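Undergrad: need a 3D model of the sequence below.
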Amino acid sequence: MHLPKPFFRLPRRFDTARLREEVAAIPAASWVPHPNGIAGNSSVRLISVSGGENDLVDGIMRETAHLARLPYIRQVLAGFGVPWSRTRLLRLAGGAAVPTHADINYHWFYRVRLHIPIVTRPEVRFHCGGSEVHMAAGEAWIFDNWRLHSVLNPTPDERIHLVADTAGNAAFWQLVGTGESDSERAEIAAYQPEWRPSLLTERSELRPVMNPAELELLVGNLRGELMLTSETSEARVRLGQYHALLDAFVRDWWHYYLLHGEDESGWTDFAGLRDSVRSASRPLGDKIALRTNRVAAHQVLEGRVLRVCVGADSGASQVQATPPLSAGRVHTPAGRASLTQPIFIVAAPRSGSTLLFETLAASDQIATLGGEAHWLIESIPELSPGAPGIDSNRLSAADATPRIAERIHDQILERLVDRRGQPLRDGRVLRFLEKTPKNALRIRFFDRLFPDARFIFLWREPRANISSIMQAWRSGRWRTYPRLEGFVLPWSLLLPPGWEKMQGRQLEEIAAFQWQITNSTILDDLSALAADRWTMVNYDDFLAEPAKNILRLCRFAGLEYDADLAKRAGGPLPAAQHTLTPADPHKWKKDAAEIERALPAAQSAWQRLIEAYHSPKR
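TA: Now for the predicted structure:
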């Protein structure tokens with residue numbers, strides 16, 4: 001929520017000793033890594049969607065078992081009299097930091113984050129919008145998280161805050177407006193052993209289709225902040241075009257809403273409009289940002305509006321005890337077995353996905369289809385290249401019709417095997433893991449089939465990856481499409497959109513094209529999902545520290561880092577099944593001249609990968 005100034009200290013104070021006593025009694029196992037993988041950051045979840053071990057923000061909020069063991073913290077929260085959204089204890093290790101960022105997603109348009117420091121030192125500084133403060137233990141603060149903000153703990157000791165999200169109410173905002181002078185005189189709220197208050201928690205959920213009045217509000221607020229980051233005549237023209245795009249978006253949304261309301265018959269129209277705006281916004285929004293925080297206009301539009309305006313792309317994982325239907329999703333029919341939180345490894349071809357797949361599949365927690373499963377999609381005629389509307393391996397959410405969803409679900413369940421290759425016939429419930437490279441172009445399709453899926457994005461720097469793609473073409477072992485109309489040679493590996501323009505091009509150009517399109521598509525599609533549903537792994541980092549990376553992936557995917565995984569990742573990794581030549585970080589240099597000629601085509605995607613990989617959101 002955008003506030004008139006960066007920080008507000010509220011006229012409330014709390015018993016620091018009692019807070020620390022309760023926090024000290026929390027078992028070490030209750031602390032979990034930050035959902036975005038920020039080093040030195042961990043949390044204990046107190047209020048979450050359905051009271052579960054998750055960091056989601058969309059859904060019915062309930063108290064977790066952890067909060068039940070913290071009576072004074074419950075009293076602290078109850079004393080504000082507001083409905084709480086996601087609430088956690090956040091711990092920042094000594095020497096750690098929260099990198100500079102702005103909270104621009106839909107959740108934050110209506111909410112602020114309350115901070116009550118419990119364990120801290122005066123050297124810990126909170127920066128926001130050009131100002132900085134030390135939040136002292138026992139105080140209560142809110143801040144403008146729409147502005148750029150960060151936290152630095154330069155001390156050797158950990159910092160722990162109670163952090164709770166809320167939209168507040170009239171009384172809460174009157175409290176905020178009383179000023180910091182009253183904060184100095186506020187009495188400490190003592191622990192009351194006999195008081196067992198009920199907590200107010202958020203119980204509203206996203207609608208399957210956003211009301212056009214709300215969409216108009218969100219888009220209008222964004223438009224009021226648009227600014228150019230480069231004052232050129234071309235940029236000024238683009239800014240005008242971007243305003244026109246957003247204006248047309250609102251008008252057409254009203255059009256469809258008046259035609260369909262929230263009825264399922266209109267979901268395809270709404271999703272199509274959203275997707276067309278998403279496709280137009282990224283290039284048109286280049287060099288356009290928000291005045292307050294300098295965040296790119298497309299990034300804000302994506303997080304604030306496009307990701308939540310129609311349920312088919314809400315990104316909310318279905319973790320509720322009784323999952324509500326969500327617009328545009330394909331759900332498992334009642335009475336049938338379910339595939340809970342399947343894990344998809346998505347990567348450009350020849351980037352090491354087989355090695356990562358084989359490493360994770362060493363665990364008894366994992367079920368697979370025995371390896372790559374090209375047949376899963378291409379055994380369905382209407383999904384194969386050449387079918388009406390299908391000219392590549394790219395599939396959209398609209399391609400996941402109920403009939404196709406049921407067929408794919410059946411095929412997976414029929415062929416699932418454990419790590420020993422044995423069919424699952426004994427009722428065991430394992431996590432399904434898949435890695436077919438072509439599925440890198442089908443994320444939206446699988447997201448519609450499996451709303452709770454998790455995606456692991458493996459990427460490899462372009463020189464080595466392009467070289468490996470070239471070797472695969474030369475070997476003739478990966479000829480996927482022997483006869484493509486308009487392409488003389490047999491095609492190898494995955495088939496990206498726009499492959500036709502590669503006719504007559506050199507091999508290095510084709511390889512660079514496959515690398516660039518695949519990685520760019522993955523980034524585009526994953527950016528439309530909730531941050532806790534995907535993560536990134538760099539191939540070279542994985543080879544250098546397999547145990548560290550597998551442990552992080554287990555935490556991300558909700559897997560146990562068991563003895564089998566520890567054994568597999570504890571030493572040098574064996575060669576993967578489809579390895580052509582032994583691993584060598586310099587073997588690409590034999591194709592160096594050709595690769596250097598093709599590299600400019602991959603440069604922008606490479607830069608995006610580096611930025612995304614080092615972002616706190618990864």
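
Undergrad: please name the residues that touch the closest residue to residue 488 other than its chain neighbours.
TA: Once flanking residues are discounted, residue 488 sits nearest to residue 503: 6.9 Å by C-beta to C-beta, 6 or more residues apart in numbering. Yep, even glycine has a C-beta here, placed from its N, CA and C like the rest. Residues counted as contacts of residue 503 (C-beta atoms under 8 Å, 6 or more residues apart in numbering) are 486-488.

Undergrad: now those residues as a markdown table including secondary structure, distance to residue 555 and pLDDT?
TA: Converted to a markdown table, the contacts of residue 503 look like this (DSSP: H, G, I helix; E, B strand; the rest coil; distance: C-beta to C-beta, whole Å; pLDDT from 0 to 100):
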| residue | secondary structure | distance to residue 555 | pLDDT |
| --- | --- | --- | --- |
| 486 | coil | 46 | 79 |
| 487 | strand | 43 | 87 |
| 488 | coil | 48 | 86 |
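
Undergrad: of these, which is the nearest to residue 101?
TA: residue 487 (44.2 Å; C-beta to C-beta).

Undergrad: distance of that closest one relative to residue 98?
TA: Going from residue 487 to residue 98 by C-beta to C-beta, to the nearest Å gives 50 Å.

Undergrad: among the two, which residue is more densely surrounded?
TA: Legend: neighbour count by other C-beta atoms under 10 Å for residue 487 and residue 98, higher for residue 98 (20 against 16).

Undergrad: my guess is that one meets residue 41, correct?
TA: Yes - Residue 98 is within contact range of residue 41, at 6.7 Å (criterion: C-beta atoms under 8 Å).

Undergrad: what about residue 218, distance to residue 246?
TA: Per C-beta to C-beta, residue 218 is found 10 Å from residue 246.

Undergrad: go on, residue 462?
TA: 34 Å.

Undergrad: which of the two has more residues huddled nearby?
TA: Ranked by neighbour count (other C-beta under 10 Å), residue 462 and residue 246 place residue 462 first, with 26 against 23.

Undergrad: residue contacts, the more buried one?
TA: 512, 515-516, 595, 599, 602, 605-606.

Undergrad: identify the farthest-apart pair in the residues you listed.
TA: Farthest-apart pair in the contacts of residue 462 is 595 and 605; separation 14.7 Å (C-beta to C-beta).

Undergrad: so what's the residue sitting furthest away from the middle of the chain closest to, chain neighbours aside?
TA: What lies farthest from the middle of the chain is residue 185; by C-alpha atoms, centre = their mean that is 43.0 Å. Spatially, and ignoring its direct neighbours in sequence, residue 185 is nearest to residue 11 (7.5 Å; C-beta to C-beta, 6+ apart).

Undergrad: and the residue nearest to residue 96 when sequence neighbours are not counted, backbone torsions?
TA: Excluding the flanking residues, the one nearest residue 96 by C-beta to C-beta, 6+ apart is residue 40, at 2.6 Å. Phi and psi for residue 40, reported as degrees, to the nearest 10, are phi 80, psi 0.

Undergrad: same thing with residue 500?
TA: According to degrees, to the nearest 10, residue 500 has phi -60, psi -30.

Undergrad: wait, it sits on residue 486?
TA: Yes - counting by C-beta under 8 Å, residue 500 does reach residue 486; the two are 5.2 Å apart.

Undergrad: which one of these two is surrounded by more residues?
TA: Higher neighbour count among residue 500 and residue 486: residue 500, with 12 against 9, using other C-beta under 10 Å.

Undergrad: tell me the pLDDT at that one?
TA: With respect to pLDDT, residue 500 has a value of 91.

Undergrad: how many neighbouring residues does the residue nearest to residue 96 have?
TA: Neighbours of residue 40 (other C-beta under 10 Å): 17.

Undergrad: show the contacting residues for it.
TA: So residue 40 contacts 92-97, 153 (C-beta under 8 Å, 6+ apart).

Undergrad: how about the host helix or strand of residue 300, which residues are buried there?
TA: Per DSSP states H and E: residue 300 is located in helix 297-301. Neighbour-count burial for helix 297-301 flags 297-301 (criterion: 16 or more other C-beta atoms under 10 Å).
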